[in-house]
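**Q** Here is a sequence together with a model predicted from it:
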Amino acid sequence: MLHVDRIRKRFGDLLALDDVSLAVRRGQVVGFLGPNGAGKTTTMRAIMGLISVDGGVVHWDGTPITDAVRRRFGYMPAERGMYPKMRVGEQIQYFARLAGLGAADARAACGEWTDRLGIAARLDDEVQALSSGNQQRVQLAISLVHHPELLVLDEPFSGLDPVAVETMKRVLREQVDAGAAVLFSSHQLDLVADLTDQVVIVESGRVVLDGDVRELRRNSPVRLVRVAYTAPPAPADVPAGWEAEVDGVDATVRVPADVTPAEALATTGRWGDLVSFDFAPPDLSDVFLQSVGR
Amino acid sequence: MTNAATSTLGTIALVMGREVRQRLRSRSFLVTTGLLVLAVLGAGLLNRIVDDDPPTYRYAVAGDAPDGFEDALDAVAAQLDVEFEAVDVAGIDADDPDTVARALDDDELDAVVRIDPGDDMPTGVLVTREEPSAQLVDALDLAWRTTSSLSAATSAGLTGDELEAVLNPPPLAGEVLEPDDDDDPVALLTGFVAAILLFLSISMFGGTVLTGVVEEKSTGVVEVLLAHLRPHQLLIGKVFGITVVALVQFAAAVLAGVVALVLSGRSVPGDVWVALPSSVGWFVGGFVLYSTLFALAGSFVSRQEDAQGAAAPVTAIAFAAYLAVFSLGMEPASTATRIVSLLPPFAPLLMPLRMATGSAGALDVALAAILLVAAVYGMLRLTGAVYGRTMLHRGARLRWREALRIARSRDHG
């Protein structure tokens, strides 16, 4: 289990990480969300030992992370990195060896992953000769080739074509089913919701939300009411704390969480002739936007 | 998970192995090494062509040559490293200029010695179609004078001993008050060649280290690498890997040099084999020192366009050392040379020269070697400390002063 406990990091005047804590269990996927500059990459770099922290600790299975332990982690940085003039097979095997595999194991693992990711025919090509989609597959193979116990993936979906997105999702699910812990960051909230219910949201170096998406949605202080009318509605006597937005014949109303569906239906029903009515906790993107104060 | 790759040395070996394999296979290495070998071999072959073909002059004598003229000419020719071939031309007559001119043309002669018997002593005239070479004139003139005076002395009735005394006076003996012991041209040449090869390697493979480091930064691969290994392991593996590649090229050049010497029909001077191991030592020390400096400079920038600028101070030091070889190197025994050759950036270029010419005492060599090893160790430590932070620094180029400040701060990867 990965346990990040109140890590702090300051770059000059900027407090990049302010007591960031999070946990990822084996067999669990955690989505790491936050606006640009919130501290996602810095947290991931601290987990991978690329930067030292000013305070706090990062533990794996209850002990501080040594070089040998870290070799069992797989990492994909936001800015992808490979040697452009090195051949695909050599490159994957090189990183496998650096991660501690013997020569024969590295060769076998390279063969296995290039097969699974559909790039077996490109083993002897230089990486720079590959399409960007295939380069992403090589990058993924590099982070997985040593069967890591923890995967730290910074924006793994960015720049992927739809086919590659599906491949990535499938592979991540397989890894989790096999017992790996996965922490990944993304801006594509629908993808996050597809893959996991567990999210951590950071803003300005602080964790602002952490937990199960369904629970977070349930615990949200608002509910969303989406109503459609036969004609443009005229909201009247809007209760305090309600926010109504009219768009043609549709209206979206944010109401406090303690409002019941029946109360919401009664109030919005007075604004016009209803065609449809929907009452639900906010979805992930609403939770996200709300938590980061946007 | 205990296997070779998890140890520090095993990791360094992996990084080295990658560098060696990638560089040995690269087109630029193959081309430069091929050109270097060809240049060395070519110089040897050219030498052989020139050596194999000492000029041969064809000449004829019109009239009666003094006794022993041909033998005397052969003796002189041998000393001048030329050959003379006497041609018998039928019908050549000293009194008939036409026959002389015809002989020059028809028999393809370089010269005709026309001899006028005279009243007391014969006089000779060297006839050529064009301006003769100095060698031709000198050889024929010397042979002519020697044999003329011999026959004149014989006619004058000198005895054999007297003749010997006249013809072979004791040679001018030499006495040098301040003998110069640095005058072995082969030793001096060996020293210069070692310095030139090292400078070439530093220029070329120092550039390889520089662009290699910047490539790792600009492609972002360094972030994946540093998740698996320590910055100093990456640095040492890269520097020593490229050192191996540079040594391979150095060995190819030395081998080509030996082959060239053999082709040109010369033996390899024994001193070369004595100087080679220490030259390799200085080469490795100097190369590692400069490569580490290039790696440090490379870690300051994120784009290849900025690399040369960041490395300019390193290039300048290397060039200063190279110039020192040709200014101070001409006086290997001077105090200035002695002091400068002890400084780590200069020692690898100047010391082989001083050692080859025998002007470096054991103390100087030991001191310079210790200082160089200490400098290499210090630079590797310093660069290793800075590397982890500078390698993840993106954007504007770091200044040397900022990098040193980073080195002093407590955070290092």
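**A** Yep, that arrived.
**Q** C-alpha from now on. contacts and neighbour counts both.
**A** Fine.
**Q** pLDDT wise, what is residue A:220 at?
**A** Here the pLDDT value assigned to residue A:220 is 85.
**Q** Please name the residues that touch it.
**A** Residue A:220 sits next to A:257, A:281-282, A:287 when contact means C-alpha atoms under 8 Å, 6 or more residues apart in numbering or on different chains.
**Q** before we move on, which element is residue A:31 in?
**A** strand A:29-33 (DSSP states H and E).
**Q** Quick one: residues in contact with that strand.
**A** A:24, A:40, A:176, A:181-187, A:192, A:195-202, A:288.
**Q** one step back: out of the contacts of residue A:220, list just those in helices.
**A** residue A:287 (DSSP state H).
**Q** now stretch A:81-99: how far from the chain's centre is it?
**A** Distance of stretch A:81-99 from its chain centroid, counting by C-alpha atoms, centre = their mean, to the nearest Å, is 26 Å.
**Q** Residue A:97 is in contact with residue A:108, isn't it?
**A** No - applying C-alpha atoms under 8 Å, one finds residue A:97 not in contact with residue A:108, separated by 11.7 Å.
**Q** Looking at those two now, which is surrounded by more residues?
**A** Remark: of residue A:97 and residue A:108, residue A:97 carries more neighbours, 26 against 13, as counted by other C-alpha atoms under 10 Å in any protein chain shown.
**Q** I'd like the next helix or strand past the helix or strand the more buried one falls within.
**A** In this structure, residue A:97 sits in helix A:88-98 according to DSSP H and E. Sequence-wise, the next helix or strand downstream of helix A:88-98 (DSSP H and E) is helix A:103-116.
**Q** Buried residues, that following helix. List them.
**A** A:105-107, A:109-111, A:113-114 (16 or more other C-alpha atoms under 10 Å in any protein chain shown).
**Q** And for residue 289, the neighbour number?
**A** The chain I'm using is chain A. Neighbours around residue A:289, by other C-alpha under 10 Å: 12.
**Q** please go with chain B instead
**A** For residue B:289, using other C-alpha under 10 Å, the count is 25.
**Q** Just give the nearest non-adjacent residue to it, would you?
**A** residue B:376 (5.1 Å; C-alpha to C-alpha, 6 or more residues apart in numbering or on different chains).
**Q** that's a helix at the one you found, yeah?
**A** Yes - assessed by DSSP: H, G, I helix; E, B strand; the rest coil, residue B:376 belongs to a helix.
**Q** so which helix or strand takes in the closest residue to chain A within the stretch 51-200 of chain B?
**A** Relative to chain A, the nearest point of the stretch 51-200 of chain B is residue B:200 (24.9 Å; C-alpha to the nearest C-alpha). Residue B:200 belongs to helix B:185-218 when assigned by DSSP H and E.
**Q** can you give me how far that helix is from the chain middle?
**A** 15 Å.
**Q** Identify each buried residue in that helix, please.
**A** Buried-residue list, helix B:185-218, by 16+ other C-alpha under 10 Å: B:187-188, B:190-195, B:197-199, B:201-203, B:205-218.
**Q** Could you confirm whether the helix or strand that that helix is followed by reaches chain A?
**A** Following helix B:185-218 in sequence order, the next helix or strand is helix B:221-226 (DSSP H and E). Yes - counting by C-alpha under 8 Å from any C-alpha of the partner chain, chain A is contacted by helix B:221-226 at B:221-226.
**Q** dump the residue contacts of the residue in chain A that chain B sits nearest to.
**A** When scored by C-alpha to the nearest C-alpha, chain A has residue A:81 as its residue closest to chain B, at 3.5 Å. Residue A:81 makes contact with A:139, B:219-224, according to C-alpha under 8 Å, 6+ apart.
**Q** try residue A:267
**A** By C-alpha under 8 Å, 6+ apart, residue A:267 lies in contact with residue A:238.
**Q** Does it lie in a helix or a strand, and which?
**A** Assigned by DSSP H and E, residue A:267 falls within helix A:261-269.
**Q** what mean pLDDT would you report for that helix?
**A** 92.
**Q** Tell me the buried residues in that helix?
**A** Across helix A:261-269, burial judged by 16+ other C-alpha under 10 Å covers A:261, A:264-265, A:268-269.
**Q** Now for the residues you listed: which two are most distant?
**A** Taking C-alpha to C-alpha as the measure, the buried residues of helix A:261-269 span a maximum distance of 11.7 Å, between A:261 and A:269.
**Q** so after the strand or helix carrying residue B:273, what's the next helix or strand?
**A** Assessed by DSSP H and E, residue B:273 sits inside helix B:270-298. Once the chain leaves helix B:270-298, the next helix or strand it forms, by DSSP H and E, is helix B:304-327.
**Q** residues of whichever helix or strand comes after that next one that come out buried?
**A** Next along the chain after helix B:304-327, taking DSSP H and E as the criterion, comes helix B:335-340. If you call a residue buried by 16+ other C-alpha under 10 Å, then helix B:335-340 has these buried ones: B:337-338, B:340.
**Q** Please list the residues outside helix B:335-340 that contact it.
**A** Under C-alpha under 8 Å, 6+ apart, the answer for helix B:335-340 is B:328-329, B:331-332, B:346-347, B:360, B:364.
**Q** Please repeat the previous calculation with a cut-off of 7 Å.
**A** Helix B:335-340 is contacted from outside by B:328, B:346, using C-alpha atoms under 7 Å, 6 or more residues apart in numbering or on different chains.
**Q** How far does that helix sit from its chain's centre?
**A** 22 Å.
**Q** Ok, stretch A:275-291 next?
**A** Put simply, stretch A:275-291 sits 19 Å off its chain's centre (C-alpha atoms, centre = their mean).
**Q** next one: stretch B:82-90
**A** 40 Å.
**Q** In that stretch, which residues are buried?
**A** Of the residues in stretch B:82-90, B:82-84, B:89 count as buried by neighbour count, 16+ other C-alpha under 10 Å.
**Q** With secondary structure and distance to residue B:316 added, can I get those residues in JSON lines?
**A** JSON lines is the format used below for the buried residues of stretch B:82-90 (DSSP: H, G, I helix; E, B strand; the rest coil; distance: C-alpha to C-alpha, whole Å):
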{"residue": "B:82", "secondary structure": "coil", "distance to residue B:316": "48"}
{"residue": "B:83", "secondary structure": "strand", "distance to residue B:316": "51"}
{"residue": "B:84", "secondary structure": "strand", "distance to residue B:316": "54"}
{"residue": "B:89", "secondary structure": "coil", "distance to residue B:316": "67"}
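**Q** Name the nearest residue to residue B:226, sequence neighbours excluded.
**A** Spatial nearest neighbour of residue B:226, chain neighbours left out: residue A:50 (6.5 Å); criterion: C-alpha to C-alpha, 6+ apart.
**Q** hang on, the one you found is in a helix, isn't it?
**A** No - counting by three-state DSSP, residue A:50 is located in no helix; its state is coil.
**Q** Hmm, residue A:110 is touching residue A:145, no?
**A** Yes - using C-alpha atoms under 7 Å, residue A:110 is in contact with residue A:145, at 6.3 Å.
**Q** sorry, back to before: which strands and helices sit next to the helix holding residue B:273?
**A** In terms of contacts (3 or more C-alpha pairs under 7 Å, 6 or more residues apart in numbering or on different chains; DSSP states H and E), helix B:270-298 is packed against helix B:185-218, helix B:231-263, helix B:304-327, helix B:347-356, helix B:362-392.
**Q** most tightly surrounded among those helices?
**A** helix B:347-356 (a mean of 28; mean count of other C-alpha atoms under 10 Å in any protein chain shown).
**Q** tell me the mean pLDDT over it?
**A** Averaging pLDDT along helix B:347-356 yields 87.
**Q** Without its sequence neighbours, what residue ends up closest to whichever residue of chain B sits closest to chain A?
**A** As assessed by C-alpha to the nearest C-alpha, chain A sits closest to residue B:221 within chain B, at 3.5 Å. Take residue B:221 and drop its neighbours on the chain: the residue closest to it by C-alpha to C-alpha, 6+ apart is residue A:81, 3.5 Å away.
**Q** Same check on residue B:44?
**A** Using C-alpha to C-alpha, 6+ apart and skipping residues adjacent in sequence, the residue nearest residue B:44 is residue B:260, 4.3 Å away.
**Q** Assign a three-state SS to residue A:232, would you?
**A** Judged by three-state DSSP, the three-state class of residue A:232 is coil.
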